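[1] Here is a sequence together with a model predicted from it:
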Amino acid sequence: MAEVPSGYTVLHERPKAFYDTFERKGELQQQTHYCPGCGHGLAHKMIARAIDELGIQDRVIAVSPVGCSVFAYYYFDTGNVQSAHGRAPAVATAVKRSRPEAIVFSYQGDGDLAAIGTAEILHAANRGENITVFFVNNAIYGMTGGQMAPTTMLGQRTTTSPLGRDPFNEGYPLHVCELLATLEAPVYLERVALGNAKQVMAASRAIKKALTNQVKGLGFSLVEILSPCPTIWKLNPAKAQERVREEMVKVFPPGVYRDHTTERAARPAPPPAPGLDELPRLLDLEGHEFDRTGLERPAGLDLRIKVAGFGGQGVLMLGEVLAEAGLLLDLEVSWLPSYGPEMRSGTSNCHVRIADQTIASPLVAQSNVLLAMNEPSLRKFIGDVETGGWVLYNSRSLPEGVTAPAGVEVLCIPFTELADTLGEPKAGNIVMLGALLEAAGQLPAAAIDRALEMHVKSARWLELDRRALELGRETARKELANAYV
Amino acid sequence: MTQPNVQPDRGYVTISAEECKGCGLCVEACVPRVLALAAHLNHQGYHPAEYAGAGCTGCGLCFHCCPEPGAITVYKLARPAAA
Amino acid sequence: MAKQLIKGNEAIVKSAVLAGCRAYYGYPITPASEIAEAAALYLPRAGGVFVQAESEVSAVNMLYGAASAGVRAMSASSGPGMSLMQEGISYLAGAELPCVIADITRGGPGLGNIAPEQGDYNQVVKGGGHGCYRTLVLAPASCQEMADLTALAFDLADAYRNPVVVMADGFIGQMMEPVEFAAKAKAPGSQPWAVEGNRETRPNLASSIHLEPDRLEQHIRHLEQKYLRAEREAVRCEHYQTGDAEIVLVGYGIVARILKAVVDEVRKEGIKAGLLRPITLYPFPSVQLRALARQAHVFLTVEMSTGQMVEDVRLALEGRKPVEFYGRCGGNAPSAAELVQVVREVARRSSPVLIPDAITKTEVCHG
């Protein structure tokens, strides 16, 4: 290298955002691993210079997924995260959200971003993640040796489109900037090219702008870089540049596809995190205390309850109130629902156990209380009720052909109809609960009342439920008295 | 290299021969055409780019078009040339 | 703090936040969706992040990003979603990034159904992704354990720098039981290896790529050492009435709960049964099982699958004693009465294989 004559000072030199030597690279630690004339080297250098100029080197985290640029972390003297093929926008999303002060960019090739990672880029852009994406489009898979890319041009021969890309077989080249420009969230989308010095300078400005947007907190920016791949294209570097300049720009017109950088305000900063001592309150862990004064913990209790009915009859809620009341009484409890589509229509049921001993299995196969809100549930479960158990059924009498197992007490009351007299058929479950309290009689009313308070947030409903509970008790009392006459 | 009675060049360029991969993009970009690929090969078997030694305007295009991080350094004349 | 009646799924989230988790990335799926719903409510309240990802593939890669940045992060899913996450779990293990994933299992294969099953054992415990890695797996059997083991999962994830899966069946996820949460919230910590976007962590790199065979082998050996350490130090299991057990029942999750009732029942008849409940499915309590082989005549593994964990039981016992298997699947849980029959049968014979179809179908929670 010639000696620099005196009187000259450095104008352009190796950017500081590159490592001095590429130690993570095995050999030739001054050079990149890219082929001569490759656009990646240029793009890297423009990014590194922009980082220098913005003074953000310490804050930058580069996310490099699979492609020729998988080793970007050899070069950028910044925080580095290497990621799976196509997933960089998802990774970058979480890096940025975890460290909002960081400047996070993903650096992706065309296969990575526009084929395997299509969902990730689309949704990161649509969420308006405050990240910067550099999308290097060279219309080919370079790293794996020249297979077709989603951006391969019509007629272009690749190892997997050996006769040239045919729209009837391989479809058309994907236009990423145009596609993302249909979304509302992105702030800045520009396509640039590396076809000659003028285009390179324009690309350099776009790259810096895309990073600047993130520094300002404006949101999602993407720069698509039409880039030469001389080796796979089998062209010398100058001819490859010419192809970018002459052919690629016709298929992928350079230009600004979105620029909301002037009108868009910075995204609001996340609110400050609460103190650790506030977490129990914020997690709704407080307010479950219950004054047990005057309440006796029922001894020897082992309620195995099955509540069943149609979705919407309050079956699960009824079970929850029972379990909650048990917990308030310092008993062991479990509540196990059926779940899924049948929750929303069709039959629904839950298993509730309330016991003074540790509950082994929360499943109730043999119940000692069956609360059946409808006939199908009654028919399905009545055979499993044990001797000495109770069946409460939502009608005046058992349906024809249904009998309770021997030794099982049956109480038939039209709970929904009774609730109707209160003006709210939906309170039928609570009327039934009242009847159960009267029939089984082991759960103190105060515990049920407190459990209702915890589960019913609206004052109107709570008042209604209390009346429903009382109506159920009263009706059951009368029924039971009649039964023993 | 500069001759005493000639206006010195506004710029100067150095090329690290061992970092250069001989792609020639700097040669393409150079407006005053003062860069060329050398006849000799470097250690990796590339013809590295060379500066003719005079005529650099310091425009920096060769630097911007070079894909290697540190192969090219461009200098500018620090002080105005003596009249 | 007073006990709270709470769904297992919701308990996971509250416990995670108390354990310092500040990021949740996930995609809804029954029967795990309450986890995402609770996370959407509580993570932002705690100053954390909740993002509903576009897929489980994205969700697990968001975990990768959050973990790279040194944040305690979690996700949750069920069988089909876990299958999609396997790629990312392999990367997380390869890059030594800690995170917690809850798998609330449902019926498979394919879309299967949404009822509880334990058919995810192989994909979760054996590692459904590529490469020589393991995931630590915890199997809660109650809502209280959903909370406790989630907190433990975060500590294990950090200690081993590895993903940890909390695997519970849909029953445990959907049911409500009283839970007592940790009295004190843990502050989110920081990790020296994290990539945080500041000067101190600028040299850090999160990556799973090692191009040189020698370097990759060295890395894999390093991972292997961690797993061997976990096998020595992280095993957890519960013994129930195993002291004099001649027939040892082995089951995890909801099955273990049912088996406890079965042990109580058959002991009334004089059958000396006990239960070993693996709490860590990986590392598996092989040593503990082998120890029981000295006195036990036979082992009976019960699963809500056609037999996945039973292979680990057999490997642990290395042929020392016969290992019987009984399984229900498709969303059916075996009832205690059904299992009492099976235990009687196993106790009566010495080794024949049981055919589940011979047992009458009993009522389960669904349908």
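    In hand now; what should we look at?

[2] Relative to A:Val104, how far out is A:Val133?
    10 Å (CB to CB, to the nearest Å). In short, each C-beta sits where N, CA and C put it, glycine included.

[3] Could you check which of the two has the larger neighbour count?
    Higher neighbour count among A:Val133 and A:Val104: A:Val104, with 33 against 28, using other CB atoms under 10 Å in any protein chain shown.

[4] what's the neighbour count on the residue in chain B that chain A sits nearest to?
    Among the residues of chain B, B:Pro67 lies closest to chain A, at 2.6 Å counting by CB to the nearest CB. Residues near B:Pro67, counting by other CB under 10 Å, number 26.

[5] With A:Ala406 instead?
    6.

[6] Please apply the same query to A:Ala427.
    25.

[7] From A:Asp420, how far out is it?
    Noted for A:Ala427: a distance of 9 Å to A:Asp420, by CB to CB.

[8] now do C:Leu84
    Distance of C:Leu84 to A:Asp420, computed by CB to CB: 48 Å.

[9] The two - which one has more neighbours?
    C:Leu84 (18 against 15).

[10] can you pull the contacts of the more buried one?
    Taking CB atoms under 8 Å, 6 or more residues apart in numbering or on different chains, we find C:Leu84 in contact with C:Ser55, C:Glu56, C:Val57, C:Val60, C:Ser77.

[11] Swap in 10 Å and give it another go.
    C:Tyr27, C:Ile29, C:Ser55, C:Glu56, C:Val57, C:Ser58, C:Ala59, C:Val60, C:Ser77, C:Gly128 (CB atoms under 10 Å, 6 or more residues apart in numbering or on different chains).

[12] again with A:Pro337
    Neighbouring residues of A:Pro337 by CB under 10 Å, 6+ apart: A:307, A:315-316, A:319-320, A:343, A:348-352, C:7, C:31, C:171, C:174-176, C:365.

[13] Of those, which belong to helices?
    A:Val315, A:Leu316, A:Gly319, A:Glu320, A:Met343, C:Phe171, C:Gln174 (DSSP state H).

[14] can you count the residues close to C:Gln174?
    C:Gln174: 26 neighbours (other CB under 10 Å).

[15] which ones are touching it?
    C:Gln174 touches A:335-340, A:350, C:7-9, C:30-32, C:34, C:104, C:114, C:116, C:168, C:365, counting by CB under 10 Å, 6+ apart.

[16] Could you list which of those belong to strands?
    By the criterion of DSSP state E, membership of those in strands covers A:Trp335, A:Leu336, A:Pro337, A:Cys350, C:Lys7, C:Ile104, C:Ala168.

[17] Tell me the one of the residues you listed nearest A:Val60?
    Using CB to CB, the shortest approach to A:Val60 within the ones in strands among the contacts of C:Gln174 belongs to C:Ile104, at 38.1 Å.

[18] wouldn't the closest one be in contact with C:Gln118 here?
    No: the pair C:Ile104 / C:Gln118 is not scored as a contact, 11.4 Å apart, by CB atoms under 10 Å.

[19] shared neighbours, these two?
    Going by CB under 10 Å, 6+ apart, residues that sit against C:Ile104 and also against C:Gln118 are C:Met167, C:Ala168, C:Asp169, C:Gly170.

[20] mind checking the SS state of the residue in chain B that chain C sits nearest to?
    Using CB to the nearest CB, the single residue of chain B nearest to chain C is B:Pro69, 17.5 Å away. Three-state call for B:Pro69 (DSSP: H, G, I helix; E, B strand; the rest coil): coil.

[21] Thanks again, I'm all set now.
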